[in-house]
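Visitor: A structural model of the following input is requested.
(one chain, ligands or ions: 1)
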Amino acid sequence: MSEEIKNKFAPKKFVKNPIKGTKCTLMISSAKGGVGKSTFAVNLAFALQNIGKKVGILDADIYGPSLPKILGLNEKPKNEGGKFLVPLEKFGAQCISIGFLVDENTPMIWRGPMVISAIKTLTQKVLWKDLDFLIIDMPPGTGDSQLTFAQEIKVDGAIIISTPQDLALADVKRGIQMFDKTGIKILGLVDNMSFFKGDDGKIYNIFGEGGVQKTANEFKKEFLGKIPLNNKLRESADQGQPLTHKDPKNEISLIFENIAKKINSSFNKD
Ligand code: ADP
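Guide: Numbering: from 1, shown residues only. All right, here's what the predicted structure looks like:
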């Protein structure tokens, strides 16, 4: 085969821009909305902080930013030199979200190019400082903006969140393939709202059982853990005080700590 033909069919190499100011960039992704991606992203960030890491959170969910609510933050970030945004700081974490820049009640009726331009600003024009980990709360799905993001931004790994029912898992498979195609290492899959433990100690598998682990096995990806459906996790997010920050020794926080340790050791950072 001639060189010309070989090049034509070689996998496309994307030019990926790094996010400055952080040692490690992690995408938290879900194929569907409402499976707990933002809740996971923020609680993982504070679990990493609890094991001594300096963390930042980038809320890239342009159409449905959750960070202002989950962290109880309602300020405008400062602008430096008319060009850069200074992240807000909450509970020792640096944070940025499109939700800090637009009114909470304004619907984001944006076309693709505007979303892409917002993502570029959030990834290239924010002055992150000395972070060990930047956690990116991605928009759900595998559409244009996710693909552009995956192709243009240099990230060190992705975690996929899902609930265990079949409907969510079909999309997870698409998500895995998108990351594999764009050369982003999948650090593992997480089963959220995995089960509910009643006051009587009985376990209820509300959304089915074992599907996320099965999908991880099928695609040879690591299974990072199960997070139960838990009232405290929901309440703390609604109150703007993520559980892993508010109560680091809670049994749910310890599940996050375990996942944080796995992530940290996969990057050999101590
Ligand atoms: P996504 O980012 O995937 O759209 P969210 O993180 O916003 O999802 O979660 C959707 C809702 O479910 C929120 O009200 C959140 O507090 C709640 N939630 C998420 N995970 C859990 C869980 N494990 N137990 C209880 N509530 C949860």
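Visitor: Can you get me a residue count around R111?
Guide: By other C-beta atoms under 10 Å, 7 other residues sit near R111. (Each C-beta comes from the backbone N, C-alpha and C, glycine too.)
Visitor: Smallest gap between the protein and the ligand, at which residue?
Guide: Nearest residue of the chain to the ligand (C-beta to the nearest ligand atom) works out as G36 at 3.0 Å.
Visitor: I figured that residue was touching M193, is that so?
Guide: Yes - here G36 reaches M193: they are 6.1 Å apart, a contact under C-beta atoms under 8 Å.
Visitor: Mind listing the shared neighbours of those two?
Guide: Contact criterion C-beta atoms under 8 Å, 6 or more residues apart in numbering; residues shared by G36 and M193: T163, I227.
Visitor: out of these two, which sits in the more crowded spot?
Guide: Comparing G36 with M193 by other C-beta under 10 Å, the one with more neighbours is M193, at 24 against 20.
Visitor: roughly how far apart are the more buried one and K20?
Guide: As judged by C-beta to C-beta, to the nearest Å, M193 and K20 stand 35 Å apart.
Visitor: same question, P242
Guide: The gap separating P242 from K20 is 26 Å, by C-beta to C-beta.
Visitor: More neighbours: which of the two?
Guide: When neighbours are counted by other C-beta under 10 Å, P242 and K20 differ, and P242 comes out ahead with 28 against 14.
Visitor: Let me see the ranges of the helices in this structure.
Guide: Using DSSP state H, the helices of the chain run over residues 3-9, 37-50, 67-70, 112-124, 144-152, 166-181, 211-218, 231-238, 243-246, 251-266.
Visitor: which of those is buried the deepest?
Guide: Using mean count of other C-beta atoms under 10 Å, the stretch among those with the largest mean neighbour count is helix 37-50, at a mean of 26.
Visitor: residues contacting the closest residue to N43 other than its chain neighbours?
Guide: Spatially, and ignoring its direct neighbours in sequence, N43 is nearest to T244 (4.5 Å; C-beta to C-beta, 6 or more residues apart in numbering). The contact partners of T244, taken as C-beta under 8 Å, 6+ apart, are N43, L44, F46, A47, N50, S253, F256, E257.
Visitor: got CSV for the residues you listed, with pLDDT and distance to C24 too?
Guide: What follows is the contacts of T244, written out as CSV (pLDDT from 0 to 100; distance: C-beta to C-beta, whole Å):
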residue, pLDDT, distance to C24
N43, 98, 18
L44, 98, 13
F46, 98, 16
A47, 98, 15
N50, 98, 17
S253, 98, 21
F256, 98, 17
E257, 98, 18
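Visitor: where does the protein have low pLDDT?
Guide: 1-14, 107, 167-168, 268-270 (pLDDT under 70).
Visitor: what sits against the residue nearest the centre of the chain?
Guide: Centrality entry for the chain: nearest residue to the mean C-alpha point is I28, 2.0 Å, by C-alpha atoms, centre = their mean. By C-beta under 8 Å, 6+ apart, the residues touching I28 are K37, F40, A41, L44, I135, I136, D137, M138, A158, I159, I161.
Visitor: cool, V86 as well?
Guide: Applying C-beta under 8 Å, 6+ apart, we find V86 in contact with P77, K78, N79, E80, V126, L127.
Visitor: now, which of those lie within strands?
Guide: Using DSSP state E, the subset of the contacts of V86 located in strands is N79, E80.
Visitor: Out of the contacts of V86, who's the most crowded?
Guide: With neighbours taken as other C-beta under 10 Å, the top of the contacts of V86 is V126, carrying 21 neighbours.
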